[in-house]
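Novice: A predicted structure for the sequence below; I have some questions about it.
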Amino acid sequence: MGYLARQLVRYLLLFAVSVPALAYATDGDYTLVIENHRFQPESLLVPAGKKIRIAVENRDATAEEFESHDLNREKVIPANGKAMIFIGPLEPGRYPFIGEFNEKTAQGTIVAQ
């Protein structure tokens, strides 16, 4: 294999390895905890115009579903499990979310500013 062919292979491999990281690149990491069928914190302040990743940790013995029509996200978090939710960039504003399996108690808001 010639020098140019080896260089091309190196660049293609480097590109292939970096693409998944770019697809999930975020500007910030945040955490929500579900405990006693409630989200904590109930209000999560995030920067507007940025991509963010929210780690949702469910400490309850039953599954919960993070759902937000405004954010266009639905994700089941297993009992005593974790899940990642990627959102943004968001316009400034308030974005409500609920735990669909416990709507009366599991409520929260993401505030982008």
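Specialist: Received the coordinates, thanks.

Novice: quick one: the helices in the protein?
Specialist: Taking DSSP state H to define them, one finds helices in the chain at 3-23.

Novice: Tell me where the model's unsure across it.
Specialist: Per-residue confidence of the chain (counting by pLDDT under 70) places the weak regions at 1, 4-5, 7-26.

Novice: Point me to the residue sitting closest to the centre of it.
Specialist: For the chain, the residue nearest the mean C-alpha position is I85 (2.0 Å; CA atoms, centre = their mean).

Novice: Tell me how far T109 lies from G81.
Specialist: Separation of T109 from G81 (CB to CB, to the nearest Å) stands at 23 Å. (Glycine included, C-beta is placed from N, CA and C.)

Novice: hang on, I meant N72
Specialist: For N72, the distance to G81 equals 22 Å [CB to CB].

Novice: more crowded one of those two?
Specialist: Set side by side, N72 and G81 give different neighbour counts by other CB atoms under 10 Å, the larger being at G81 (15 against 8).

Novice: which residues does the residue nearest to that one when sequence neighbours are not counted contact?
Specialist: Taking CB to CB, 6 or more residues apart in numbering as the measure, G81 lies nearest to N58, with 5.5 Å between them; neighbours along the chain are not counted. Under the criterion of CB atoms under 8 Å, 6 or more residues apart in numbering, the neighbours of N58 are 34, 64, 77-83.

Novice: Fine by me, we can end here.
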